[in-house]
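>>> missing the sequence, but the structure's below:
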């Protein structure tokens, strides 16, 4: 038996065993289980403004979301109601602005004059029937997973990169 056929035999035998194995990207994974976003690296790192207001769709989610986005390679600034958005956007150009839908129009208006043209991503309340698709290209529902946020940010950054 030559080396090539021996390697093929070993590979086919390992595929029947339920053990950890090396896969695409040479990372360790368990066969039959999904992968998590623990080691996700953003293809287009973004400077993200996450705007939170009390009682809004984004309230209470900012810490976990910030950790996940930063771990993926994004630079995240969290601001709350009452902080000066025009000053913040003048000091730091943002690629993506995330805020609940009710606050987004005011935020978009106060930032539009800034040098950067960020992608606006509203967070729509889970009980809301409105679809912001007529005003905003990307949006997420309240309670969306980190994966959904990462996906939307990547789509927005991919468009900016063109």
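Received it, and whenever you're ready, just let me know what you need. Every value quoted in this text rests on a predicted model; they were computed, and no experiment measured them.
>>> where in this structure is pLDDT low?
Counting by pLDDT under 70, the chain shows low-confidence ranges at 1-39, 54-61, 82-83, 112-116, 127-130.
>>> what about 50?
Where the chain drops to pLDDT under 50, the residues are 18-27, 29, 37.
>>> can you map out the helices along it?
3-16, 62-72, 85-91, 101-111, 146-161 (DSSP state H).
>>> Including mean neighbour count and distance to residue 79, could the ones you listed go into JSON lines?
(Glycine included, C-beta is placed from N, CA and C.) Rendered in JSON lines, the data for the helices of the chain read as follows (neighbours: other CB atoms under 10 Å; distance: least, CB to CB, whole Å):
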{"stretch": "helix 3-16", "mean neighbour count": "10", "distance to residue 79": "50"}
{"stretch": "helix 62-72", "mean neighbour count": "16", "distance to residue 79": "9"}
{"stretch": "helix 85-91", "mean neighbour count": "15", "distance to residue 79": "6"}
{"stretch": "helix 101-111", "mean neighbour count": "17", "distance to residue 79": "9"}
{"stretch": "helix 146-161", "mean neighbour count": "16", "distance to residue 79": "17"}
